[in-house]
Structures are given as C-alpha cells and as structure tokens.
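A.B. asks: sequence first, predicted model second:
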Amino acid sequence: MFKHISSVVLALVLLLSMSSVAATKVPPASGIIPGQYIVVFKDTVSNPADAASDMARQYGLGVLYKYGYTIKGFAATIPAARLDAVKTDSRVLFVSEDREVSIGAQTLPTGVDRIDAEQTSTHTNKGTGVNVAVIDTGIDLTHPDLKANIVGGKNCSTGSSYKDGNGHGSHVAGTIAAVDNTVGVVGVAPEAKLWAVRVLNNAGSGSWSSVICGIDFVTSKAPANGGPITVANMSLGGTGSDDGNCGLTNNDALHQAICRSVAAGVTYVVAAGNETDDAANHVPAAYDEVITVSALSDSDGKTGGTGGAPSCRTGEKDDYLAIFSNFGADVDIAAPGVCIKSTWKGGRYNTISGTSMASPHVAGAAALYIAIHPGATPTEVKDALIAAKEPGPIPGDPDNFKEGIVNVGGF
C-alpha cells in the first residue's frame, strides 16, 4: 500500500474493518495528478506568498496552496508549456509532481487499558490542556465523546469545514482524547485539546500538497511560532528511505516539512505501516525525526498473553506483533492496533485494525508526558516514552530490535 513519494502513489496506513474482516484500500498504481505540482523555493526567497502570486501571474498558474512555515513554496496547476520556465525560475529550488493519497454505558477500550492509561488512584494524568493535531480526514465536530475537546482546525481538502466525512480521523481522535464521561469510550488523554486538520476528502483521498498544507498549518500553531500545538498524529506513508538530511538531498518535500515542524516544537507520531516489512523501506516511518509505531495484537488489555484471539480478526495472537505490522530498527515503540474500538463519524463508534490505530495511542501518551513536563522538546518526549515502555521483545516480531510497548502508568 505504501509507495515512494517521488515516483508512485501514497496511501494512508489503514486497515478498516467494518465487520469482522480488515481490508486495505489500495490506491491506483499510477497516482500522478496530471498538471499538478509542488514548487519549493530557495531559502533566499523572503516572502514565499508574494513570490507564489507573482509566479502565478507571470506563468499563468492556478495556485492551490501556499506554504510558509515548513517548506517555502506552493502547489499549483501548471500548463505543460510553462513547466520548464517554472523549473528554471531563479527563485525555485525544485519542482515535484503532486500525487494522490488515500486511506487506506462507557467502555474502557482494550488499547487504553493495555498501556495503563485508565484513571486509577495512582494514575490521574488526563493530558489537561495539551494540544494535539489529527492530520487526517477531519473530526466529527458534534460527537458526544469528542466535541468538548475540539478547539480548532484547518480544512486543506474539499468542502467548507474540517468536519470528518469519512470516519478515520474521528477514530484516531477518539483514541487520543475521547472525553472521560458516562458514554462511549475514553481516550488515552481525555482532557487534551484536539485540532482537526482535514487533508483528505470524504472518500479518504487527497494529495501530498494537501498533506503539506496540514503540516504547514500545524507549524503555524507550534510553540516556536507562539502557538499551542505540541503533538501531531500522522497515519500515512510510502515506500522510500531516510536520506539522513531532512529531505534536502533527495528533494523530499514531505520530509523537509516534517523536519521544520519538529524543529518548531511539534512531536510527530506516525504509523510504521501494514506490509509486514522493514519500516526502513517506508516513509515517514523511516525518518529519525518522528516516533514510529508498530501494532500490537492485544485482546484483553492485559500483559502476559493470556487472552484469546482478537474478536474482529482471525490469525492474531494475544500480545503478539500484529500480522500486518511493519517492524525493524526504525520502529521506536509498539502500541495496540488490532480490533480497537473508538469514535466514528455521525456520533457512532467502530472497531477497526491497523498501525493507524496504534499510532494515536502513542500520540495520546506524548500528550500525557507533556502535561507534566511542559516545554519538553520532541526529542525529550520521544526519549521519555521509550524509557517508560514495557520492555520487549514482542513475540512474533521477526527482527532483533526490542522496541517494547508504550506504557503511561507512571505519567
């Protein structure tokens, strides 16, 4: 499902299970959006918004998005006859093709239970006031388990708002911060504040230009720019590798945007991927700047592997690495990702599987840590989560890297 961002289609890391079988929505094999490009300026361009407008007038371009907090540049439709002129403009560092991206009484969810995030006499941290961005399909703005925690957002996709027309973003949001009330489910950090950053449409599809638009918005609200957002969850990826230089060597606009957002104070949590493959072959999972999360199969919310098989998927074992999960040295930590119940669009709830479901457990854990360590840097957050983990190895993990399982009982 993952493809390289400079050559083939990308897809959100998602295994949706509407009934008892998890299925992956795979995008087309091509994925190039004809005539649509991402233009990245040189750092010497002082006002990228004005430069984008000037180039649009000069070359007859249709500007889609302007970026100024991560990469300096814009996305636009460019007539074929003007493409070479745009590429050779003295202000331009590089131009890359834009590509499709698509997704693939109160209950204590087993994932929240498994990482010890439930409220007890010894664990009362609720992530109060920490701001978490969900870069996804939006969030259900009227859901009884979510609406009290939603404080803002950005629509980088179709429609007129950042509400969720798909369901995936609401599911991620619920695992992070579903309200601790008397209905539905409870999140890992039930008093964290949620930002709905809609980069995909109701069908769960979009483009990398829309994803970078979301990252740019988050960065505009980062601590370095006077904003409150300190955590962002991204369940997406593609085949590729870390160039070790924040995308400056291989013209990876996504990597550049994430690196600059991390430098601005935002902790990024991403899914490892669902190919049963080494995460080093997939981005952003391979990036050193993010927290990469693999999926644990857990059926009872308890340690020790004493539970039965998860109810919604056959072939999985309790407390084993999920069959579909990626693995390897680039995985930093694991979290429950099989048969996870959480919030859904339309005020509903849904049980689905994927590393997309594992990642928000760790995003919520990051919020809990920041709540008691305000001002912690992304590196400090990552190191703290790894230090507090339940030790590995995880049974069924095919590598020699003992990433262990996120645990927040001490936060």
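C.D. replies: Received it, and whenever you're ready, just let me know what you need.
A.B. asks: next, work out how far apart Thr377 and Ile229 are.
C.D. replies: 14 Å (CB to CB, to the nearest Å). Placement of C-beta: from N, CA and C, glycine included.
A.B. asks: let me know whether Gly404 touches Pro391 as I believe.
C.D. replies: Yes: taking contacts as CB atoms under 8 Å, Gly404 lies within contact range of Pro391: 5.0 Å.
A.B. asks: more crowded one of these two?
C.D. replies: Of the pair Gly404 and Pro391, Gly404 is the one with more neighbours under other CB atoms under 10 Å, namely 20 against 10.
A.B. asks: give the contact list for the more buried one.
C.D. replies: 333-334, 386, 389-392, 394 (CB atoms under 8 Å, 6 or more residues apart in numbering).
A.B. asks: first-to-last residue distance for stretch 339-351?
C.D. replies: 5 Å (CA to CA, to the nearest Å).
A.B. asks: and it, what's buried?
C.D. replies: Judged by neighbour count using 16 or more other CB atoms under 10 Å, the buried positions of stretch 339-351 are 339-345, 349-351.
A.B. asks: pretty sure Gly35 contacts Ala81?
C.D. replies: No: applying CB under 8 Å as the test, Gly35 and Ala81 come out as separate, 11.0 Å apart.
A.B. asks: which parts of stretch 37-45 are buried?
C.D. replies: 37-41, 45.
A.B. asks: picking that back up, of Thr377 and Ile229, who's got more company?
C.D. replies: Taking other CB under 10 Å, Thr377 and Ile229 do not tie; Ile229 has more neighbours (27 against 15).
A.B. asks: and the gap between that one and Asp330?
C.D. replies: With distances taken as CB to CB, Ile229 is found 25 Å from Asp330.
A.B. asks: quickly list the domain ranges of the chain.
C.D. replies: In terms of domains, the chain is parsed into 10-17+28-101, 110-387 (source: automatic domain parsing).
A.B. asks: contact partners for Ala196?
C.D. replies: Residues in contact with Ala196 (CB under 8 Å, 6+ apart) are 134, 138-139, 141, 150, 152-154, 162-164, 169, 173.
A.B. asks: helix or strand: which one has Ile370?
C.D. replies: Using DSSP states H and E, Ile370 sits within helix 355-372.
A.B. asks: which parts of that helix are buried?
C.D. replies: Neighbour-count burial for helix 355-372 [16+ other CB under 10 Å]: 355-371.
A.B. asks: how far does stretch 387-398 stretch from start to finish?
C.D. replies: Stretch 387-398 end-to-end distance (CA to CA) = 22 Å.
A.B. asks: mind listing residues that contact it?
C.D. replies: The contact list for stretch 387-398 (CB under 8 Å, 6+ apart) reads 294, 296-297, 303, 305, 317, 319-321, 323, 327, 333-334, 401-408, 410-411.
A.B. asks: going through those, which ones are buried?
C.D. replies: With burial judged by 16+ other CB under 10 Å, the buried subset of the contacts of stretch 387-398 is 294, 296-297, 317, 319-321, 323, 327, 333-334, 401, 403-408, 411.
A.B. asks: sitting in helices, which of these do you find?
C.D. replies: Among the buried ones among the contacts of stretch 387-398, no member falls in helices (criterion: DSSP state H).
A.B. asks: how about the contacts made by the closest residue to Asp43 other than its chain neighbours?
C.D. replies: Beyond its immediate neighbours in the sequence, the residue positioned closest to Asp43 (CB to CB, 6 or more residues apart in numbering) is Lys72, lying 6.8 Å away. By CB under 8 Å, 6+ apart, Lys72 lies in contact with 40-43, 45, 48.
A.B. asks: now those residues in CSV, with pLDDT and secondary structure?
C.D. replies: Converted to CSV, the contacts of Lys72 look like this (pLDDT from 0 to 100; DSSP: H, G, I helix; E, B strand; the rest coil):
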residue, pLDDT, secondary structure
Val40, 97, strand
Phe41, 98, strand
Lys42, 97, coil
Asp43, 94, coil
Val45, 97, coil
Pro48, 97, helix
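A.B. asks: ok so, going back, any idea of the angle the helix or strand following the helix holding Ile370 forms with helix 355-372?
C.D. replies: Counting by DSSP H and E, the next helix or strand C-terminal to helix 355-372 is helix 378-387. Orientation check (axes from the mean of the first three to the mean of the last three CA atoms, to 10 degrees): helix 378-387 against helix 355-372 gives 110 degrees.
A.B. asks: quick one: mean pLDDT for helix 378-387?
C.D. replies: Mean pLDDT, helix 378-387: 97.
A.B. asks: repeat for stretch 306-315
C.D. replies: The model assigns stretch 306-315 a mean pLDDT of 83.
A.B. asks: buried stuff in that stretch?
C.D. replies: For stretch 306-315, the neighbour count (16+ other CB under 10 Å) marks 307, 310, 312-313 as buried.
A.B. asks: which residues in the stretch 1-150 of the chain form helices?
C.D. replies: Taking DSSP state H, counting those that start in this stretch, the helices of the stretch 1-150 of the chain run over residues 48-59, 83-87, 110-114.
A.B. asks: got phi/psi on Lys345?
C.D. replies: Main-chain torsions, Lys345, degrees, to the nearest 10: phi -60, psi 160.
A.B. asks: thought it was touching Val172?
C.D. replies: No: counting by CB under 8 Å, Lys345 does not reach Val172; the two are 11.9 Å apart.
A.B. asks: which outside residues touch stretch 227-234?
C.D. replies: The contact list for stretch 227-234, computed with CB under 8 Å, 6+ apart, reads 130-136, 172, 176, 193, 195, 197, 215, 218, 220-223, 261, 265-271, 284, 290, 359-360, 363, 366-367, 370, 381.
A.B. asks: wait, Gly305 touches Ser299, no?
C.D. replies: No: look at Gly305 against Ser299 with CB under 8 Å: they stay out of range, at 9.4 Å.
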